[in-house]
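Asker: no FASTA, just this:
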């Protein structure tokens, strides 16, 4: 008769963490969970954590982190002592809570340093004198997409007169270097 080998919750947790893509270190997992490194390491250490199952709320948090890295949340939920039947609804809840985000890699060509300098100079005109750093950051963040759109797929010709950056800004916001509205 074959003997069933039971793997400890500690070693199974470690296996699941390492099977994540990309894998996580103990420190990395602790950081993502927002707990101390030694606190997380405690649960993977069979000499320190001797219980047969992890706390349910911690297991839910671990399942959410590992689900984002390709690990089946039902497998993680079993670490809390849940049966297959009990783990499935928990896993569905973890999956439902995941944001619908798709990650893609794109090659991006940024404008030249000169074009960026011109764009930022134009955007800084929008910042009122005496604005705080936060106000300045908010204004720049709001107008940055228009600035990039204004640069377009070409480099601006300084001798051509109109600037694609200026053209992207609303007429009320476009000003010359002295702060006067442009015609």
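Answerer: Sure thing, it's come through. Treat the numbers as computed from the prediction; the structure is a model and nothing was measured. Numbering: from 1, shown residues only.
Asker: just checking, what packs against the strand or helix carrying residue 115?
Answerer: Assigned by DSSP states H and E, residue 115 belongs to helix 113-124. Counting contacts by 3 or more C-beta pairs under 8 Å, 6 or more residues apart in numbering; DSSP states H and E, helix 113-124 is packed against helix 133-151, helix 164-168. Backbone N, C-alpha and C define where each C-beta goes, glycine included.
Asker: which of the ones you listed is buried the deepest?
Answerer: Of all the helices and strands packed on helix 113-124, helix 164-168 has the most neighbours on average by mean count of other C-beta atoms under 10 Å, namely a mean of 21.
Asker: neighbours around residue 114, how many?
Answerer: Using other C-beta atoms under 10 Å, residue 114 has 11 neighbouring residues.
Asker: Sorry, slip of the keys, the one I care about is residue 76.
Answerer: Using other C-beta under 10 Å, residue 76 has 28 neighbouring residues.
Asker: For it, give its distance to residue 85.
Answerer: Relative to residue 85, residue 76 is positioned 16 Å away (criterion: C-beta to C-beta, to the nearest Å).
Asker: do the same with residue 140
Answerer: As judged by C-beta to C-beta, residue 140 and residue 85 stand 53 Å apart.
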